[in-house]
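[1] Would you be able to build a 3D model of this:
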Amino acid sequence: MEEADKGEVLERNTKSRLDSHPGATTGLLTDDLILEILSRLPARSVHRFKCVSVPWRDLIADPANRNKLPQTLAGFLYTSIGGGNRHHFASVSGNGAAPFEPSLPYLQPNKDKGMVQVDACNGLLLYLSCSKNMVNPWAWAEDDCRFAVCNPATGRWVELPPQPEAPAGRYRYNCMAGLAFDPAVSSHFHVFCFEKTSVETYKTGVNIYSSQTGAWSRRDGGIAEKVVLFFYSKGVFLNGMMYVIGNPNGISNEYALLGMDMEGKVRKTIPMPYGRRFGAIGSSQGCLLYGVASVDDNNKTLDSETELWCLKDCDSEEFVLKHTASIDELISMTGEKYRVAGIHPDCDTIYLVSRGGDTMVPYDMQHQKVGCILNLEKNTQRFLPYVPLFSESLADGDGQ
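    Model (predicted):
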């Protein structure tokens, strides 16, 4: 039984007992016992249990209990370009408020320092900073770049040491990096930074930082031969594996999902559904999901079909189609074309961003329902899902 199914069974059993003996049951349960029960449920179930009673609502909403209860998606971090990179937050919680200052001023104490959002994983954020405020991060000199990992919910952060010097002929993807962190397993995290040799060989290597050792290690010799990773592509960490998307053999219309372990060794290479389509991958309900809109070779929407594919477990070698839906109603209502920018971690909802990049729309693939349209800044890019982590623990954190 999948994690989401177990959570739903537990929720139904709990709700059934409450409905049968509401007064007696709630009277017998202490706050500590209620919190223990709720901590074992999926985040979406916890939020539904706010409706049980006023005391339960106050218990769940109490800030002192946040680090004991699972949190759901708060929104998406994104960047607007033009006159420099500006950082924003698109809230999906309903109140529209950002849970923290998106520019994270403590990471850039002066305006002469450039900063790029790189990745997000289970409440931690990965940033790349530069000593100079240059608009194009690809122009940053390697010696001027530093990675930083932070927990914006607590304000704790750590700056990573410089990476090992790249060998002659290597090109480092400083913005093609991934953050690996699972608070249920360890307070330590890893950062993957990818590099390649030449366009002819497409040979990819990786540097891996471990917060446990406090040092980088190089995985040389080519972790994945003849696969080109995408500039600014986003990795997904799930069940001890880092997943990234690339072009096998450099074929522009074919995409493959690479799954690598914490040693940088590729364990699987999985063809992506409809190789010519490039959507978004995400971790949801214990599975890796791939959301995609119908596009042609020129990246223009051909029709209004969207699909959600699932890689059910770490042993899976192919994607299985989970949902197909039409967004005709949305397109006719807005006159916009859309791409998939993100996936909800607790349900089968995808987040569509208009081709102009100034609106985001949640779409429930299971029930085929359009959510409230969110207005964004113009010229947007790189959407990172953010789920708050209220634990004070951050391995090697400076606490600044």
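
[2] where exactly do the helices run in the stretch 301-400 of the chain?
    328-334 (DSSP state H, counting those that start in this stretch).

[3] in it, which segments are predicted with low confidence?
    301-303, 393, 395-400 (pLDDT under 70).

[4] all strands of it, in order?
    301-311, 320-326, 338-343, 349-354, 359-364, 369-370, 374-375, 380-386 (DSSP state E, counting those that start in this stretch).

[5] Could you export stretch 178-187 as PDB, CA atoms only?
    The C-alpha coordinates for stretch 178-187 follow below in PDB (Å, rounded to 0.1, in the frame of the first residue of the first chain):
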ATOM      1  CA  GLY A 178      20.600  19.800  -6.700                       C
ATOM      2  CA  LEU A 179      19.900  19.700  -3.000                       C
ATOM      3  CA  ALA A 180      19.400  16.400  -1.300                       C
ATOM      4  CA  PHE A 181      17.800  16.500   2.200                       C
ATOM      5  CA  ASP A 182      15.300  14.200   4.100                       C
ATOM      6  CA  PRO A 183      14.700  15.300   7.700                       C
ATOM      7  CA  ALA A 184      13.000  12.000   8.400                       C
ATOM      8  CA  VAL A 185      16.300  10.300   7.800                       C
ATOM      9  CA  SER A 186      19.000  12.800   8.900                       C
ATOM     10  CA  SER A 187      19.600  16.400   9.600                       C
END
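
[6] what's in contact with it?
    The contact list for stretch 178-187, computed with C-beta atoms under 8 Å, 6 or more residues apart in numbering, reads 118-126, 149, 188-192, 212, 234-237, 240, 242, 244, 262, 389, 391, 393-395. Bear in mind the C-beta positions are built from the backbone N, C-alpha and C, glycine included.

[7] what about that stretch, distance to the chain center?
    On the basis of C-alpha atoms, centre = their mean, to the nearest Å, stretch 178-187 sits 13 Å off its chain's mean C-alpha point.

[8] picking up where we left off before, of the contacts of stretch 178-187, keep whichever come out buried.
    Buried members of the contacts of stretch 178-187, counted by 16 or more other C-beta atoms under 10 Å: 118-126, 149, 188-192, 234-237, 242, 244, 389, 391, 394-395.

[9] okay if I get the strands of the stretch 301-400 of the chain as a markdown table plus mean neighbour count and distance to residue 177?
    Formatted as a markdown table, these follow (neighbours: other C-beta atoms under 10 Å; distance: least, C-beta to C-beta, whole Å):
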| stretch | mean neighbour count | distance to residue 177 |
| --- | --- | --- |
| strand 301-311 | 18 | 22 |
| strand 320-326 | 14 | 29 |
| strand 338-343 | 24 | 18 |
| strand 349-354 | 25 | 22 |
| strand 359-364 | 20 | 24 |
| strand 369-370 | 14 | 34 |
| strand 374-375 | 14 | 27 |
| strand 380-386 | 22 | 12 |
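
[10] So which of those strands is nearest residue 99?
    strand 380-386 (7.8 Å; C-beta to C-beta).

[11] quick one: strands adjacent to the closest one?
    strand 75-80 (antiparallel) (DSSP bridges).

[12] Please save the CA atoms from the partner strand in PDB.
    Output of strand 75-80 as PDB, limited to C-alpha atoms (Å, rounded to 0.1, in the frame of the first residue of the first chain):
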ATOM      1  CA  GLY A  75       3.900  28.300  -2.400                       C
ATOM      2  CA  PHE A  76       6.600  28.700  -5.000                       C
ATOM      3  CA  LEU A  77       9.800  30.700  -5.000                       C
ATOM      4  CA  TYR A  78      10.500  32.300  -8.400                       C
ATOM      5  CA  THR A  79      12.700  34.900 -10.000                       C
ATOM      6  CA  SER A  80      11.800  37.800 -12.300                       C
END
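
[13] The stretch 51-200 of the chain: helices as residue ranges?
    Using DSSP H, counting those that start in this stretch, helices in the stretch 51-200 of the chain cover 54-61.

[14] ok, back up a step: would you list the strands of the stretch 301-400 of the chain in TSV and tack on distance to residue 47?
    Shown next, in TSV, are the strands of the stretch 301-400 of the chain (distance: least, C-beta to C-beta, whole Å):
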stretch	distance to residue 47
strand 301-311	22
strand 320-326	22
strand 338-343	18
strand 349-354	14
strand 359-364	15
strand 369-370	18
strand 374-375	19
strand 380-386	16
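
[15] Centre of the chain to stretch 78-97, how far?
    That offset, for stretch 78-97, works out to 15 Å (C-alpha atoms, centre = their mean).

[16] Flag every buried residue along that stretch.
    78, 79, 80, 81, 85, 87, 88, 89, 90, 91, 92.

[17] The residue nearest to the third one when sequence neighbours are not counted and residue 363, how far apart?
    On the basis of C-beta to C-beta, 6 or more residues apart in numbering, the spatially nearest residue to residue 80 that is not a chain neighbour turns out to be residue 377, at 4.0 Å. In this view, residue 377 and residue 363 are 21 Å apart by C-beta to C-beta, to the nearest Å.

[18] Repeat that for residue 130.
    For residue 130, the distance to residue 363 - C-beta to C-beta - is 36 Å.

[19] for residue 324, same thing?
    12 Å.

[20] Could you tell me which residues touch both of these two?
    With C-beta under 8 Å, 6+ apart, residue 324 and residue 363 have common neighbours residue 306.

[21] any weak-confidence spans in the stretch 1-150 of the chain?
    Using pLDDT under 70, the stretch 1-150 of the chain drops low at 1-28, 44, 83-84, 94-95, 109-113, 131-144.

[22] Report how many residues lie close to residue 29.
    Here the number of neighbours of residue 29 (other C-beta atoms under 10 Å) works out to 16.

[23] List the contacts of it.
    Counting by C-beta under 8 Å, 6+ apart, residue 29 has contacts residue 37.

[24] hmm, back to that, give me the phi and psi for the residue nearest to residue 80.
    When quoted as degrees, to the nearest 10, the phi and psi of residue 377 stand at phi -70, psi 170.

[25] I figured it hits residue 86, correct?
    Yes. Between residue 377 and residue 86 there is a contact under C-beta atoms under 8 Å: 7.2 Å.

[26] overlap in contacts of those two?
    Joint contacts of residue 377 and residue 86 (C-beta under 8 Å, 6+ apart) are residue 80.
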